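> the amino acid sequence is not available; the structure is as follows:
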């Protein structure tokens, strides 16, 4: 299981939100410096989100994202406000390894299909759900989509996607533990690579995710944000818990 350290950018700063609440923000300074420190610690890849773009639909931190890519030389998985083909293409052609579509993936399926086929294996879909009914949230998690997690999953199955990032919003930033039962169920419902996100606060949480298996399938990765930034554990410890080694 791959570890994807997360860097969320808001107004040019690296921040973490609690359950997606923009009023509950913790700042960790310059995102390029954070990225370089993660690279020095052995990160093999980074998950970067433009929070301003996710909220408004207009990417606002693309220059900072590309600066991170150039400074670290690491493969980046980048999302936040990517809702047009030219936006995705510009990032992919400028050095970003993968783009993550959330709102556009749900509401513009033809756009997602074109991008997935044009950039095969480089497009990821973010499925962020809230509540017992697992309804998907959109537009920076500010609105509900009316679509359920499993309903969306079935529609995505035929596409040549790089993977799916599935986030339980109620757990995001809490360190309360990941949604193990949900990920186990999803492993049996899709052949697409699954990345877990939300609630990871200990290396035990990572070990539990790495050991999940259903029908011979395991999670492809886990996205870790606040826990690494706050020093709850090191990247090397995270990689060991996930059954990998930091570089």
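Happy to help now that I have it. Not measured: the values here are computed from a predicted model. Numbering: from 1, shown residues only.
> low-confidence ranges in this protein?
244-247 (pLDDT under 70).
> so where do the helices sit in it?
31-40, 51-56, 62-72, 85-93, 103-107, 109-118, 149-156, 180-187, 203-211, 226-229, 235-241 (DSSP state H).
> got the phi and psi for residue 61?
Backbone geometry at residue 61, expressed as degrees, to the nearest 10, gives phi -120, psi 30.
> isn't it right up against residue 13?
No. Using C-beta atoms under 8 Å, residue 61 is not in contact with residue 13; the gap is 9.5 Å. C-beta coordinates here come from the backbone N, C-alpha and C atoms, glycine included.
> give me the residue at the spatial middle of this structure.
residue 165 (5.2 Å; C-alpha atoms, centre = their mean).
> related to what we said a few turns ago, which of the helices of the chain sits closest to residue 20?
Nearest of the helices of the chain to residue 20, taken as C-beta to C-beta: helix 51-56 at 9.2 Å.
> list the contacts of that closest one.
With contact meaning C-beta atoms under 8 Å, 6 or more residues apart in numbering, helix 51-56 is reached by 8-11, 15, 17, 22, 58-62, 79-82, 102-103, 139-142.
> could you flag which of those residues are buried?
8-10, 15, 17, 59-62, 79-82, 102-103, 139-141 (16 or more other C-beta atoms under 10 Å).
> which residues does residue 7 bridge with?
Residue 7 forms beta bridges with residue 48, as assigned by DSSP bridges.
> residue 65 is in contact with that one, correct?
No. Using C-beta under 8 Å, residue 7 makes no contact with residue 65, being 9.0 Å away.
> those two: who's more crowded?
Legend: neighbour count by other C-beta atoms under 10 Å for residue 7 and residue 65, higher for residue 65 (28 against 25).
> my guess is the more buried one meets residue 76, correct?
Yes. Residue 65 is in contact with residue 76 according to C-beta under 8 Å; the separation is 6.8 Å.
> joint contacts of these two?
With C-beta under 8 Å, 6+ apart as the test, residue 65 and residue 76 both reach 48, 96.
> apart from its chain neighbours, what residue comes closest to residue 128?
Nearest residue to residue 128 in three dimensions, chain neighbours excluded: residue 167, at 4.4 Å (C-beta to C-beta, 6 or more residues apart in numbering).
> and residue 3, what does it touch?
For residue 3, the contacting residues are 43, 44, 206, 221, 222, 224, 235, 238, 239, 242, 244, by C-beta under 8 Å, 6+ apart.
> if we go to 6 Å?
238, 239, 242 (C-beta atoms under 6 Å, 6 or more residues apart in numbering).
> ok, those vs residue 112, which is closest?
Once C-beta to C-beta is applied, the member of those that ends up nearest residue 112 is residue 242, at 28.6 Å.
> most distant residue from the middle of the protein?
Most peripheral residue of the chain (C-alpha atoms, centre = their mean): residue 215, 24.1 Å.
> phi, psi of it?
According to degrees, to the nearest 10, residue 215 has phi 60, psi 30.
> how many other residues sit next to residue 108?
Residue 108: 16 neighbours (other C-beta under 10 Å).
> tell me the spacing between it and residue 87.
Here the criterion is C-beta to C-beta, to the nearest Å. By it, residue 108 lies 12 Å from residue 87.
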